[in-house]
Each structure stands twice: as C-alpha cells, then as structure tokens.
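**Student:** The following block contains a protein sequence and its predicted model.
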Amino acid sequence: SQELEQSPQSLIVQEGKNLTINCTSSKTLYGLYWYKQKYGEGLIFLMMLQKGGEEKSHEKITAKLDEKKQQSSLHITASQPSHAGIYLCGADGVGSTSYGKLTFGQGTILTVHP
Amino acid sequence: DAGVIQSPRHEVTEMGQEVTLRCKPISGHDYLFWYRQTMMRGLELLIYFNNNVPIDDSGMPEDRFSAKMPNASFSTLKIQPSEPRDSAVYFCASRRGFGYIQYFGAGTRLSVL
C-alpha cells in the first residue's frame, strides 16, 4: 500500500520566518493534496498537484511536486500566526481496494510565535 | 453548495449507549468517507463508499461500529455499544472521484463517559 512520510513532525517558528514541510511517498504520486487543519476543526483543502515539476502558489504558500512525482514540499513565506495548525498531505491510491481514496501522511504541527 | 454537513457537532454519551453520527455529502460526489481522529493515532480511515456501496471497511475497529449509506445524500456511522476509547473526532468527507478534491465536514466530537 502507498505510504506517505511527512517531515518534520512538528515545527516551531518565529513570525516572519520561512518554513518548508516535506511529504515523501514510497510510490509514484498520481495526485497530491495539501490540507490544513486547525485544532478541533475539519480539514481545509489548500492545493492539488498532479504533474511532475508542478508548482502552485496561493498567497504566501507554495506547493511543489518533484519531477519523479515521489516528493512534495509546502513552503510558507513570512509566516504569520494565522498559518499555525496541522498540515497534512494526501495522495490518490491505486489498486482495487485503494481506488478513489486518499492516503494521508501523519501530519506536521506548525506553531508560529508572534 | 453548503459543503459536507455533519451532525451533531458534539455528542456526549455514557458508556454502553448507542451513538449515531450523520453525514450529508456534497451533491454529485460519488465517494463518501468516514474518518476518526485522535491525538494518539492521528487521522484513520474507517470505511468508504462508492455510489452508496461500501468499498473498504478494513478500518472499522470492531463489530460495534457499522456504517450505512441508504442513498446518495445521506450516510450514518453507528457505534453500539459505545466505549470510552471511542472518544474522538469523527469526520465525514466526500469527493467526485479519483483526481478530484476531497472535502471534509466540520466533524463530530464524541465523548463517551
């Protein structure tokens, strides 16, 4: 089955600093999704990547998928307290019992100190 | 669209009681997912449906858990009897299919005393 490894597991930064979260797969990624979750709330979709080398940005967040489609990164520029939360990557599964569902990494807890 | 709608948002019950969680997926979405999230175990997929048919229920912890999807606009997750270790946040999610965004509901926070 496909497994996703996120690093780091937790991250504490000072407001204004840049940071990167990584998501690595044991298999080729056919679709990679980034989500953010605030404590006690549902997961909010951030960005979707499907093509090798693809890069997308929204406000101060940039997501990339490498050419081999086995690693993705999420980069936040000039972090703010509003960026704090749990970031999860999810990937489309393949195979008879996996088709249609997303496999998620364990999440990265981001804390931003003012 | 209103998004994925879950009810109730919070549920407090006593051990041994039956608990029913409800979910209304986004219209037109063929896949519906039930997840459980705890600090210890993170986000776990319990079961998912495609066109109202259960596809994979290998994540359902034990026979006390059951899920149904009687039609395309409604699903339930039932726990009977409930136990304190079932305390968690339960999420419902839906998506159109492979390659499409999966949307999550706000979750039901379950506390079993």
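**Tutor:** All right, it came through fine.
**Student:** which residue ends up closest to the midpoint of chain B in space?
**Tutor:** Nearest residue to the geometric centre of chain B (C-alpha atoms, centre = their mean): B:Trp34, 3.2 Å.
**Student:** in what helix or strand does it lie?
**Tutor:** Applying DSSP states H and E as the criterion places B:Trp34 in strand B:31-38.
**Student:** The next helix or strand after that strand pairs with which strands, and in what direction?
**Tutor:** Next along the chain after strand B:31-38, taking DSSP H and E as the criterion, comes strand B:42-50. Strand pairing for strand B:42-50, using DSSP bridges, gives strand B:31-38 (antiparallel), strand B:53-56 (antiparallel).
**Student:** what sits up against the longest one?
**Tutor:** Translated: strand B:31-38. With contact meaning C-beta atoms under 8 Å, 6 or more residues apart in numbering or on different chains, strand B:31-38 is reached by A:100-101, B:23, B:25, B:43-50, B:67, B:69, B:75, B:77, B:87-97, B:102, B:107. C-beta coordinates here come from the backbone N, C-alpha and C atoms, glycine included.
**Student:** Tell me which of those fall in strands.
**Tutor:** Among the contacts of strand B:31-38, DSSP state E puts B:23, B:43-50, B:67, B:69, B:75, B:77, B:88-95, B:102 in strands.
**Student:** Quick one, which of the contacts of strand B:31-38 are buried?
**Tutor:** Among the contacts of strand B:31-38, those scoring as buried are A:100-101, B:23, B:25, B:43, B:45-50, B:67, B:69, B:75, B:77, B:87-95, B:102, B:107 (criterion: 16 or more other C-beta atoms under 10 Å in any protein chain shown).
**Student:** if we can go back for a sec, apart from its neighbours in sequence, what residue is nearest the residue nearest to the centre of chain B?
**Tutor:** What sits nearest to B:Trp34 in space, not counting adjacent residues and going by C-beta to C-beta, 6 or more residues apart in numbering or on different chains, is B:Leu46, at 4.5 Å.
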